[in-house]
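Participant: sequence plus the predicted model coming up.
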Amino acid sequence: MVRQLVLALVALATVLSPPRSSHAARPLETGAIEGTELELIVLEVESCLYCTLFRRDVLPRYQASPRAQKVPLRFLDLNDKAADELGLDGPVLIVPTVVLMKGNQEIGRVPGYVGPENFFHAVNHLIGIAE
């Protein structure tokens with residue numbers, strides 16, 4: 001019963017939250033840093049509660065980490081035509097989904113909002129596979 005109530009509240013908050021401007025508070029929209037092979041791409045959609053949580057809870061810690069210099073992170077709207085051109089291994093079924101790319105090849109992904117600790121564990125594992 002409590003779980004159903006929480007899910008209903010999350011759904012309601014997602015519907016009622018004001019849409020974000022496509023230009024406001026959207027850092028790291030640039031592409032990969034020149035000379036790097038690995039890149040993290042966060043696929044998101046407008047008004048996504050969990051995408052907002054990712055930006056609030058995970059992004060600042062990632063930007064402050066040494067990993068951010070070696071493996072840049074950028075955001076891409078899942079509905080953007082550029083998302084179709086990524087050459088992903090499969091469809092994105094949940095947002096945010098973080099995809100580790102090496103060149104034009106998907107190495108792995110972290111689907112959904114998993115919180116900062118699990119995100120860092122998963123990303124470190126994926127980067128270890130890619131290196």
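Facilitator: In hand now; what should we look at?
Participant: use CA for all of it now, contacts and neighbours both
Facilitator: Will do.
Participant: tell me the bridge partners for Ile41.
Facilitator: Counting by DSSP bridges, Ile41 is bridged to Arg74, Val99.
Participant: quick check, it in contact with Leu100.
Facilitator: Yes. Contact status for Ile41 versus Leu100: in contact at 6.5 Å, counting by C-alpha atoms under 8 Å.
Participant: look up how far Phe54 lies from the residue most central in space within the chain.
Facilitator: The centroid of the chain falls nearest to Val42 when counting by C-alpha atoms, centre = their mean (2.6 Å). Noted for Val42: a distance of 9 Å to Phe54, by C-alpha to C-alpha, to the nearest Å.
Participant: joint contacts of these two?
Facilitator: Residues touching both Val42 and Phe54 by C-alpha atoms under 8 Å, 6 or more residues apart in numbering: Pro96.
Participant: and the helices in the chain?
Facilitator: 2-16, 49-57, 59-64, 67-70, 81-84, 116-130 (DSSP state H).
Participant: rewinding a little: can you pull the contacts of the residue nearest to the centre of the chain?
Facilitator: Here Val42 is in contact with 73-76, 96-99 (C-alpha under 8 Å, 6+ apart).
Participant: tell me which of those is nearest to Asp89?
Facilitator: Taking C-alpha to C-alpha as the measure, Val99 is the one of these closest to Asp89, at 10.2 Å.
Participant: ok so, going back, and the residue nearest to the centre of the chain, how close does it get to Val98?
Facilitator: Using C-alpha to C-alpha, one gets 4 Å for the distance from Val42 to Val98.
Participant: same question for Ser47.
Facilitator: Ser47 is 17 Å from Val98, where distance means C-alpha to C-alpha.
Participant: and these two? Which one has more around it.
Facilitator: Neighbour totals were compared for Ser47 and Val98, and Val98 leads with 23 against 17 (other C-alpha atoms under 10 Å).
Participant: which pLDDT value belongs to that one?
Facilitator: Val98 is assigned 98 on the pLDDT scale.
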